[in-house]
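In: got a predicted model here, sequence first, then my questions.
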Amino acid sequence: MPRITVTVDGIQYEEEVEPRLLLVHFLRDRLGKTGTPIGCDTTNCGACTVMLDGKSVKSCSVLAVQADGCDVLTIEGLAGADGQWHPMQTAFHEEHALQCGFCTPGMIMSAIDLLAENPDPSEEAIREGLEGNLCRCTGYCNIVRAVRRGAQAMSGQSAAANQEVPAS
Amino acid sequence: MTEVGRARRRKEDARLVTGRTRWTDNIQMPGMLYVAFLRSPMAHARITRVDTSAARGRPGVVAVYSGRDFAAEQGSLPCAWPVSEDVVIPDHPPMAVSEVRYVGEAVACVVATDRYKAADALDAIEVDYEPLPAVLDMREALTEDSPKVHESGNKAFTWTFSGGDIDAAFTGAPVVVEREYVQQRLIPTAMEPRAVVASTDGETFTIYSATQIPHVLRVMLAVTTGIPEHKLRVIAPDVGGGFGSKLQVTAEEVLTLLITRRLGKPVKWTESRSEGNLTVHHGRDQIQRISVAAERDGRLRGIKVDLLADMGAYLMLVTPGVPLLGAFMYNGIYKMDAYHFACTGVFTTKMPTDAYRGAGRPEATYALERVMDELAAELGMDPMEIRRRNWIRHEEFPYTTIAGLTYDSGNYEAATDRAMTLFGYDKLRAEQADRRERRDPVQLGIGISTYTEMCGLAPSRVLGSLAYGAGGWEHANVRMLPTGKVEVVTGSSPHGQGHVTAWSQIAADALGVPFEDVSVIHGDTAIATKGMDTYGSRSLVVGGMAVLQACEKVKEKARQVAAHMLEASADDVEFDQGSFRVRGTGAAKTIQEIAFAVFAAHDLPDGFEPRLDADATFDPENFSFPHGTHLCAIEVDTETGQSRIRSYVAVDDVGKVVNPLIVEGQVHGGLAQGIAQALYEEAVYDSEGNLLTTTMADYLIPSAADLPDFVTDRTETPATSNPLGVKGVGEAGTIASTPAVVNAIVDALRPHGVHDVRMPCTPERIWRTLQSVNGGAA
């Protein structure tokens, strides 16, 4: 069996894997990184999206062996070492951009990747940019709002402060 | 400031945005085994041979079973709603033994040491089938010479309801409009695929399932498998959406439990999406013939409905009850002299249907709101004007409808006025007239839906009178901890709705404790010991009420202790914002102080049981009737059939609102699913009964790019049937939006001679409809 070395959320793993093992199963079943869920088997839903060397990928369409030597960032590694949430996590919470939360990890990772290419996207650009991530609960309105709010926060502009609940 | 009514950000979110989730598929246990199912590739066939021997020798394989192996113990999957005297409930083995009746039905399974090995070994199972004819079309199924799905025939049941004198209403009516609408088959598509984990210590069994109904499931699994109820614990951990699809007792739940019983090991099954599209129960699939009789001034005389409902191959948990949930809603918000409803349930060789968001009410609302537009067109009236002439006026509530329900409250005028203003109705009509005048290839259509629905399932007596197998109450347990913190245990079982936040708000107000000091526990039958679970927009109106009532009981007990501590009469002790105060003095005790005093129990009133905790079980006196007015403007390109929603306004009245953020989210999601039925989604079987839409590439649930931004607002007419004044909201958006969208498309095309477009109204369907009415000269 091939041996791979892969860094996931800052920790380096060396593992023997079957060549056919999907990255998402490697993350979930081997490493216990269950924050990244699986919503389909045809690469349509995007729930399993993670960052592979800084670019978003659907981890159900990548083999674990393809991640050899790579750096993987999942939703579990997104918050800072001090536990401080990424601005996009905060934005999703503030804008009520999740209900059941199953699509949320992938949606947040894709949103961050979208902003890397376009730091100030229009509503239309956000909707087009997130086309590969499906949500069945929210109707997307609040997701679009969250991405805009996240974009503002990430660009250093002060997002409208909301004192209701601190992120915790 | 009260907590109820406040847009609290959700307590649920912290885990969900950081990946610290507890989906069923996340669970791993020492020695865990994995199940994969072999499924029928035939819509209808006799199983003549199953050979599992080769599969048994594959690496990692622990066991291989066919239906025959389980025949003695697997029982029959339950139908809890025997709707009529003539209902036929066929035997429904969780794993097929001698005959398969839909593509996807389980015929064998492999249990192996990992999920890949289990899937690999499926290839080595040999099954011989003797094909039988598929039965796919409901009308053909009801003919005498149709092949039969079951020996008893293809009719599952008939059910009728009458209010008023329908013959009198139609005889001599100046206008009668009759239409037929097709509710296409839908796949609910919760984002989390189903998953089941079962384990045993040899005597007791624990089953984790991605289910909406842990409590119902426990009873049903006990009855089906013979495992005594008290030896069976059901846990619904984090559940990733349901929309009715997880309101079910599934073959996979039963079989996973049986495999654990056989092997004594923890066992997990997780479905793939393609497996789910085949075997998660489907929704809708009805043919509706609706006739309306009216006066020339638009006043309704009566409505007649003749419904065919596709059951699929078997009756599952509430399959035959779904059309009944619509039967009382074909009159909607309108007054009329008579109403008649007849329904026939039909067996076909397809996946069984069952509850999908709205369950019966979207179908009824669609047919009614579509036919109201047709009637308006027939009479040359504005479609809003015909609604105004017929709806129940706000001063007429409570109002008993022709279908026999008593609507407690509502204000259709207020919701409509608000929606018309937000929408800019008159301006859009002017633009429409202009485009029609100019023969613009891109026409504008305006769709209206003035809906109500019955939800908050439900008064137990009413459910009993409809032959439903259980009650409609909900339970709560409120526990005051020694440090003054509060645990609310609810029998309602959330899967994305936000119960933890909303119940915290209700308890915080009722007990006068901080929102942060309340935790909410749910979804485990060993902890939340009583419950009726989550469906039918019932959680708040039934479950939330149980929380409130349990809190009131806690407070009354605390009042006794406060009076004792303050040496006053309980009648003189007032409660305000968490403190009990002796009227007219400054003496007071906080509820937290009392909680500790009761814990210590050193000095309590004589005979006082040292606990403040309380249970409440709430059984509603009536359904809940949210309502609203939805308006949709759509541009339709008559040359390409392409449509684009330009604006969508939803004004809903869900009574008092506990958390406006959550309510708005529910409306948004509901709209998306209703619009999806109108424009995108359809489960398609081919002529041999193969499902063609097995993946998300074929079954098109909309993405962000496919949906518009929504304008939402509310009017607030409190329910009078519960002390919170609340109404259900989970299904309203789905119920209202489908007819609003299709009415808009038909409205755009009406000058071209179009009276209907079959759902989903894809560009191709729209284009073909135009071709057919114009003889190719669209």
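Out: Perfect, I can see it now. Residues are numbered from 1 along each chain as shown, chains lettered A, B, ... in the order given.
In: residue farthest from the centroid of chain A?
Out: Among the C-alpha atoms of chain A, the one most distant from their mean position (Cα atoms, centre = their mean) is that of residue A:1, at 29.1 Å.
In: surely that one meets residue A:15?
Out: No - with contacts counted by Cβ atoms under 8 Å, residue A:1 stays clear of residue A:15, the gap being 9.2 Å. C-beta here means a position set from N, CA and C on the backbone, and glycine is covered the same way.
In: domains in chain B, by residue range?
Out: Using automatic domain parsing, the domain ranges for chain B come out as B:13-132+B:191-241+B:246-279, B:357-453+B:624-774, B:473-618.
In: repeat for chain A
Out: A:3-77, A:87-154.
In: any weak-confidence spans in chain A?
Out: Counting by pLDDT under 70, chain A has low-confidence residues at A:157-168.
In: tally of neighbours for the residue of chain A found nearest chain B?
Out: Ranking the residues of chain A by distance to chain B (Cβ to the nearest Cβ) places residue A:35 first, at 2.0 Å. Per other Cβ atoms under 10 Å in any protein chain shown, the neighbour tally for residue A:35 reads 25.
In: with the one 10 residues further on instead?
Out: By the measure other Cβ under 10 Å, the count of residues near residue A:45 is 29.
In: and the residue in the stretch 301-450 of chain B positioned nearest to chain A, helix, strand or coil?
Out: Nearest residue of the stretch 301-450 of chain B to chain A: residue B:357, at 9.9 Å (Cβ to the nearest Cβ). Secondary structure state of residue B:357, per DSSP: H, G, I helix; E, B strand; the rest coil, is coil.
In: same question for residue B:446.
Out: Local secondary structure at residue B:446 is given as strand here, using three-state DSSP.
In: contacts only, for the spatially most central residue of chain A.
Out: Among the residues of chain A, residue A:109 comes closest to the average C-alpha position under Cα atoms, centre = their mean, at 2.4 Å. Listed by Cβ atoms under 8 Å, 6 or more residues apart in numbering or on different chains, the contact partners of residue A:109 are A:49, A:50, A:51, A:56, A:73, A:74, A:75, A:78.
In: tell me which helix or strand the fourth one sits in.
Out: Assigned by DSSP states H and E, residue A:56 belongs to strand A:55-58.
In: try residue B:712
Out: Residue B:712 belongs to strand B:711-714 when elements are defined using DSSP H and E.
In: next: residue A:152.
Out: Here residue A:152 sits within helix A:141-154, counting by DSSP H and E.
In: that helix and chain B in contact?
Out: Yes - legend: contact between helix A:141-154 and chain B by Cβ under 8 Å from any Cβ of the partner chain is shown at A:141, A:142, A:143, A:144.
In: what is the neighbour count of the first one?
Out: The burial count assigned to residue A:141 is 26, neighbours taken as other Cβ under 10 Å.
In: quick one, what contacts it?
Out: Residues near residue A:141 by Cβ under 8 Å, 6+ apart: B:668, B:709, B:710.
In: and if you look at the second one?
Out: With contacts defined as Cβ under 8 Å, 6+ apart, the neighbours of residue A:142 are A:95, A:96, A:97, B:665, B:668.
In: list the contacts of the nearest residue to the first one once chain neighbours are set aside.
Out: Nearest-residue entry for residue A:95: residue A:146, 3.9 Å, with adjacent residues in sequence omitted and distances by Cβ to Cβ, 6 or more residues apart in numbering or on different chains. The contact partners of residue A:146, taken as Cβ under 8 Å, 6+ apart, are A:88, A:91, A:92, A:94, A:95, A:97, A:111.
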